[in-house]
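> I would like to see how this sequence folds:
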Amino acid sequence: MYFIFVRCVIRISFQADSCICSICKKRGPRLHICLHCIYFGCYSGHIQEHAHRKQHLLALDISHGRILCFACDDYVYDSDYENQACEIKEISNRNLGLPHQYKSWEPSLIEQELLLEHPRRKRITHDSTIGLRGLINLGNTCFMNCIVQALTHTPLLRDYFLSDRHVCQFSDRPDHCLVCEVARLFQEFYSGSQEALTLNRLLHLIWTHARHLAGYEQQDAHEFFIATLDVLHRHCTGANANGGDSNSHQCNCIIDQIFTGGLQSDVVCTSCSGVSTTIDPFWDISLDLGTTPATGDTSKVPKSLLDCLERFTRPEHLGSSAKIKCSSCQSYQESTKQLTMKKLPVVASFHLKRFEHSSRFHKKISSFISFPEHLDMTPFMSHRRNNNNNNSDLAASSVADEPYINDNRYSLFAVINHVGTLEAGHYTAYIRQHRDNWFKCDDHIITKANIKDVLNSEGYLLFYHKQFLEYE
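Okay, the predicted model is just below:
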């Protein structure tokens with residue numbers, strides 16, 4: 001038996017084109033090659049005819065690599081051959097630049113012995129504390145601890161890492177991969193231990209791949225969150241650790257599957273009403289809390305998350321100082337701009353912009369902004385918002401007649417708060433576990449909380465998870 005190591009795409013393309021049935025000259029998914037001589041035959045009868053006429057009783061299905069025995073009239077399997085075929089396929093994929101294939105976990109001999117010694121499994125009950133771990137503050141690292149608590153309690157992300165789905169893209173240097181470290185953290189979080197964890201390895205990797213966060217001073221939790229998603233995204237896709245397209249529209253990595261949405265921007269010419277539309281990916285939505293710069297009207301200051309979203313998706317007049325060149329008018333015209341949600345992510349992350357920075361001053365906005373336990377994003381979708389520009393009470397509008405309303409409903413599962421001043425503050429987090437159990441995470445200290453505590457907190461980063469998931 002001969003194995004061909006593929007070195008280039010052109011060669012394998014040529015080989016594929018040359019594989020046709022020796023009799024009918026057809027290609028197909030059930031094409032077989034005789035293992036006794038050089039003969040290709042389709043499964044429509046020609047490979048069977050050759051086998052009985054020549055008594056060549058073994059053939060290989062070239063689509064799937066399975067051996068067909070005509071004496072048994074069935075496919076036969078050999079463990080040594082299967083392992084060798086997997087190794088050859090891995091080498092071929094690597095030579096072709098294809099991604100690593102997912103391999104399910106197979107226990108080693110030592111792991112099999114341990115499973116036999118400990119047949120009983122831990123059962124997670126409603127009041128179980130598995131998954132709750134305090135995190136040691138390494139010196140102004142409360143911002144990191146809160147983000148890690150939110151990520152490790154993101155349901156789909158937890159399921160992904162605990163099912164061992166990650167295949168390292170840095171096989172020569174796994175200690176370089178942030179995704180490997182996060183996978184290890186998930187195993188630690190859900191191991192059943194209650195001892196506080198130290199995130200020194202995670203901090204080192206973040207400093208290595210996001211240099212602007214390196215240092216022992218207090219960092220912004222929102223900035224750390226975005227930087228962490230960016231590095232995880234790049235390491236999931238095997239992109240260069242120091243660059244690469246970190247917001248690819250076509251990316252299907254676990255980070256983009258969970259956190260990426262589509263933001264639609266419609267710019268309307270005030271002269272001809274021509275519309276220019278662009279759709280950009282986003283990982284979170286940053287919402288202003290202060291007065292509208294153009295008016296300074298304090299009566300328009302938002303008081304709730306819904307107010308913030310209503311203002312975020314409201315048409316904005318760009319003014320004479322920001323004229324655009326209209327493709328229809330072929331001249332620079334004033335315009336209005338409106339942002340809406342074209343595609344909602346599985347996890348919607350909202351950043352309440354409590355820190356204001358200008359050339360004259362820096363301050364924190366500590367005003368209370370209410371946010372709901374359950375959120376319906378339907379009023380802020382592109383198809384809905386563009387048809388209701390004149391409705392000032394979008395948040396309360398009825399959407400019961402829309403069949404897809406459930407797809408846009410979210411439940412709160414994590415809240416990050418900042419207490420103190422801009423110069424001297426501290427981050428804490430509320431996380432939800434087992435549907436209705438809430439806990440407050442303050443570095444290594446974890447205490448029981450309730451939904452009232454959560455909804456009465458100040459709120460800096462809000463994390464919502466979709467109640468219903470779409471399957472493609």
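> switch to C-alpha atoms for all contacts and neighbour counts from now on
OK.
> Need the distance between the two termini of stretch 53-64.
In stretch 53-64, first residue to last residue: 25 Å (Cα to Cα, to the nearest Å).
> no no, stretch 288-305
So stretch 288-305: terminal residues 10 Å apart, Cα to Cα.
> what does stretch 327-335 give?
End-to-end span of stretch 327-335 (Cα to Cα): 12 Å.
> centre of the chain versus it, how much separation?
Relative to its chain's centre, stretch 327-335 lies at 38 Å (Cα atoms, centre = their mean, to the nearest Å).
> Identify each buried residue in that stretch, please.
Residues of stretch 327-335 classed as buried: Gln333, Glu334, Ser335 (neighbour count, 16 or more other Cα atoms under 10 Å).
> Next: stretch 175-183.
Residues His176, Cys177, Leu178, Val179, Cys180, Glu181, Val182, Ala183 are the ones in stretch 175-183 that count as buried (16+ other Cα under 10 Å).
> count of neighbours near Ile258?
Neighbour count for Ile258, taken as other Cα atoms under 10 Å: 21.
> part of a helix, is it?
Yes. Counting by DSSP: H, G, I helix; E, B strand; the rest coil, Ile258 is found in a helix.
> how far away is it from Thr129?
25 Å.
> re the thing from before, and the buried residues of stretch 175-183, which is closest to Lys303?
When the buried residues of stretch 175-183 are compared for distance to Lys303 (Cα to Cα), Val182 wins out at 36.2 Å.
> Find me the pLDDT at the closest one, would you?
At Val182 the predicted local distance difference test score is 92.
> Now name the helix or strand holding it.
helix 178-189 (DSSP states H and E).
> just checking, what packs against that helix?
helix 155-162, helix 200-209, helix 221-237 (3 or more Cα pairs under 8 Å, 6 or more residues apart in numbering; DSSP states H and E).
> Dump the C-alpha coordinates for it into PDB.
Extracted in PDB, the C-alpha atoms of helix 178-189 (Å, rounded to 0.1, in the frame of the first residue of the first chain):
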ATOM      1  CA  LEU A 178      -3.900  32.600  25.200                       C
ATOM      2  CA  VAL A 179      -6.700  30.300  24.300                       C
ATOM      3  CA  CYS A 180      -4.800  27.300  25.800                       C
ATOM      4  CA  GLU A 181      -4.400  29.300  29.000                       C
ATOM      5  CA  VAL A 182      -8.100  30.200  29.100                       C
ATOM      6  CA  ALA A 183      -9.000  26.600  28.500                       C
ATOM      7  CA  ARG A 184      -6.800  25.600  31.500                       C
ATOM      8  CA  LEU A 185      -8.600  28.300  33.600                       C
ATOM      9  CA  PHE A 186     -12.000  26.800  32.700                       C
ATOM     10  CA  GLN A 187     -10.800  23.400  33.900                       C
ATOM     11  CA  GLU A 188      -9.500  25.000  37.100                       C
ATOM     12  CA  PHE A 189     -12.700  27.000  37.700                       C
END
